[in-house]
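1. Any chance you can model this:
(chains A, B and C)
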Amino acid sequence: MSGLKTNNAVIRWIEYRLPIFSFLDHAVGSQYPTPRNLNYWWNYGSLAGLALVIMILTGIMLAMQYTPHVTLAFDSVERIMRDVNSGWLLRYIHMNGGSIFFVTVYIHLFRGLYYGSYKAPRELLWMIGVALLLLMMATAFMGYVLPWGQMSFWAATVITNLFSAVPLIGESIVTWLWGGFAVGNPTLNRFYALHYLLPFVIVGVVVLHIWALHRFGSNNPLGIDADGPQDKIPFHPYYTAKDAFGVGVFLLVLSAIVFFAPNSLGEADNYIPANPLSTPAHIVPEWYFLPYYAILRAIPDKLLGVIAMFGSILILFVLPWIDRSPVRSAKFRPIYKQFFWIFLADCILLGYIGAKPPEGMFLIVGRVATAYYFLHFVIIFVLSYVERPRPLPNSISEAVLKGGGATAAAKAREKA
Amino acid sequence: MKTLTAALLAGLFIAQLAAGIGPVHAAEGAGPPKHNWPFSGVFGRFDRAAMQRGLQVYREVCSACHGLKYIAFRNLEALGYGEEEIKAMAAEYTIADGPNDDGDMFERPGRPSDYFPSPFANDKAAAAANNGAAPPDLSLMAKARPGGPDQIRALMLGYEDPPAGVEAMEGLHFNIYFPGNQIAMAAPLSEGAVEYADGTEATVEQMATDVANFLMWTAEPYLEERHSMGIKVILFLLVFTGILYAAKRKVWSDLH
Amino acid sequence: MAHSASPPHSDDGETRRDFLYLAAAGFGAIGTAAVIWPLINSMNPSAEVLALSSTEVDLEPLEEGQRITVVWRGKPIFVDRRTQKTIDDARAVPLADLPDPQSDEERVKKAEWLVMIGICTHLGCIPKGQVAGDPVGEFGGWFCPCHGSHYDTAGRIRKGPAPKNLFIPPYEFATDTSIVIG
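-> Prediction:
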């Protein structure tokens, strides 16, 4: 038997034939031990999962009303906004939910960078996460094309044109992507099919992500292994309650944007129907792509620009092997901590530059920021050898329960 | 403390985006002056009288060149018109329909379910009749330009004599708020161009403001529902989140 | 951020704690329902579909004995301007003979005008009889070629597998010579 304790006959009947209740209990319930000292930066994983569910639900309802043909797409979206019951609500939630999804995932990612969650034995967990980011970016890119506004069309044109940088076969790749000689109806139709598909691929990879997570359990703010049972608490009710509170705050932020500033994160140009014969003055991607766009435009050479842009994400895959420090958490790595904040500032700066025209001062700053982005990884590689970390506490429970005592004990050990 | 800093940063980020400082385009024309619209702010609502006047401006001035394809006559109920008024207004328009049983296209008077007809058969006809620049449809104009209703109003008021040394090019007109300052549309509004049904004096500023009010509605017909639903949702969520926080503290109390 | 101190372990504390969780769960349920409703309602007919849910039919052009078909909500509507003879025939039929008993008077607002949904109540085919030369069955009305249902001059089922008479849509006379269906 599964060990699940219940008096409920129905639950026992199901559990005997399909042990789903004990499975859930071990996955997210009272039988999943979690480090006791997780802070609120650990809420963002479950929030990302919630964002995914919201996007899929609103997406399916929208898909029932949308028409993926160049002559009808823009009108079908306006019909959703004007005639479909609660259509405007579904559209605005989906549109802004995408942005919130990226905010959540970027915070989740930077949490990982700060606390060393990408280090052994969680390297594969981290890599699956980067794969999820790439899948999200592909999905979001294709989704943005669907309303067939000016920005939809021209962003699609610019980004698909990048692949022509590939030597020898570049042009063929682009023609293949387009299904024609320019972005057109075949492109729109296939983007729709793939935009519907990829979120379910993401669900599958999220399952792998959680599976990999559960192999060793969560990292924690101290970055030291949660060894004994006194270091851990059951996920339910402690983290289910904390995550539920996080969900409340998340929904408040999403609601504030959806109901009171639904177009603040978008581009006015996308309310103009696509015109292949008229290029907008400034082609700008959605905000979550701006840093990569800045990197792309910073490099004067087309192929190198593309390589740098993709490289800026792909380098994350090998981060566990770049940062070789045995200490996980930036809490105990005072120098690394400073470079973390500089790196974050650099990413935000790149985002700001990505929205500006690539000329004059903006271009210079963009180039410096791009160079620094990659320099950061060189720095932390070197740092992982030369940095002298602060002494680590003995255990989580000692650090948490005895407060200052742990540091004192550590200092005593250091002197000895 | 860190959470608070993070929340503050996030809030600042969102706020500055909402304020429109985000993806900003290089300075093209002066930014429009900000007008105090009745529909802005959390408790914003449409001004129906202004919208009705704006509709009149659209019908009597703008519709000569600009379509309003996403608005059906039945939608005008939101402006306060009754069923009979709408039927009568719709019937004033001729709508192309067909084919009939003989296979021919024909014309008939409009019905409430019909949409405002465009003045031109298609974009090419529109461009050909207007020096190569097709007048854009106005349904979404309040969302399709940075500055929204402020920009629309300002544009109507921005026709001035060009400064010394600057000349309007052939077929174009100088406007201080149009990106690039040279606009193909001649100043559409002039003092008293419309005789308002409600007796309001039709100054250019009045007409510009009214038509911008109207066009905000054509672009965002559900603005009021969105605001009122938003207030209810956020109040609910504030209470709910408060309860969840209290529950979280209760659950964790035996550990602290 | 001061909060109440350590939880009481008395029964009173238990009730307070449970109330909190109950309140949380209750709000959660309300919130979930409030969210699910717009998603489900978005599948209901949209505004432009509802706008076309009424059809006006001008009866002026019809001659006596003439039948026309119009479309209402995507369905065919049979409009028959009946002659006095067909009206009398319909009214002479004893109700006991009818598989679905309904008097002719019940099925029309004005005897001269028969307005019905032209969909066979058996399995949904469109019965023949609207066009000159169509088979009309043994009872002078309509005949469904799919499985052989016969309808009389009031559109009532007389013979064959259809269980019900042809349905009457909701309609009103807008004027003496026009009706609004729906």
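2. Quick one: residues contacting whatever residue of chain B ends up closest to chain A.
-> Proximity of chain B to chain A (Cβ to the nearest Cβ) peaks at B:G230, 2.6 Å away. The C-beta positions use only the backbone N, C-alpha and C, and glycine is treated the same way. Taking Cβ atoms under 8 Å, 6 or more residues apart in numbering or on different chains, we find B:G230 in contact with A:S255, A:A256, A:V258, A:F259, A:F260, B:V42.
3. count of neighbours near B:V211?
-> 29 (other Cβ atoms under 10 Å in any protein chain shown).
4. I should have written A:L222 there, sorry.
-> By the criterion of other Cβ under 10 Å, A:L222 has 22 neighbours.
5. just B:V204 next, same as before
-> As a burial measure, B:V204 scores 17 neighbours (other Cβ under 10 Å).
6. Equivalent analysis for the one 3 residues further on, please.
-> When neighbours are counted by other Cβ under 10 Å, B:M207 registers 29.
7. List the buried residues for the one helix or strand it maps to?
-> Secondary structure from DSSP states H and E places B:M207 in helix B:204-219. Neighbour-count burial for helix B:204-219 flags B:204, B:206-219 (criterion: 16 or more other Cβ atoms under 10 Å in any protein chain shown).
8. can you check stretch B:189-204 too?
-> Neighbour-count burial for stretch B:189-204 [16+ other Cβ under 10 Å]: B:L189, B:V194, B:Y196, B:A202, B:V204.
9. would you turn those residues into CSV with distance to A:S152?
-> Shown next, in CSV, are the buried residues of stretch B:189-204 (distance: Cβ to Cβ, whole Å):
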residue, distance to A:S152
B:L189, 33
B:V194, 37
B:Y196, 40
B:A202, 39
B:V204, 36
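10. How about the contacts made by the closest residue to A:G311 other than its chain neighbours?
-> Spatially, and ignoring its direct neighbours in sequence, A:G311 is nearest to A:F374 (7.7 Å; Cβ to Cβ, 6 or more residues apart in numbering or on different chains). A:F374 makes contact with A:A308, A:G311, A:S312, A:I315, according to Cβ under 8 Å, 6+ apart.
11. Can you give the contact residues for the helix or strand hosting the second one?
-> When you say that, I think you mean A:G311. Using DSSP H and E, A:G311 sits in helix A:302-317. For helix A:302-317, contacts defined as Cβ under 8 Å, 6+ apart pick out A:126-127, A:130, A:133-134, A:137, A:162-163, A:165-167, A:291-293, A:295-299, A:322, A:370, A:373-374, A:377.
12. List only buried entries from those residues.
-> Neighbour-count burial (16+ other Cβ under 10 Å) applied to the contacts of helix A:302-317 gives A:126-127, A:130, A:133, A:137, A:162-163, A:165, A:291-293, A:295-299, A:322, A:370, A:373, A:377.
13. can I assume B:M51 sits in a strand?
-> No - B:M51 is assigned helix when assessed by DSSP: H, G, I helix; E, B strand; the rest coil, not a strand.
14. now, which of the contacts of helix A:302-317 lie within helices?
-> Among these, DSSP state H puts A:126-127, A:130, A:133-134, A:137, A:291-293, A:295-298, A:322, A:370, A:373-374, A:377 in helices.
15. interface residues of the stretch 51-200 of chain B facing chain C?
-> Where the stretch 51-200 of chain B comes near chain C, counting by Cβ under 8 Å from any Cβ of the partner chain, the residues are B:A72, B:R74, B:P112, B:S113.
16. What helix or strand is the third one located in?
-> So that's B:P112. Here B:P112 is assigned to no helix or strand, by DSSP H and E.
17. Which parts of chain B are strands?
-> Under the criterion DSSP state E, strands of chain B are mapped to B:94-97, B:106-109, B:173-174, B:182-183.
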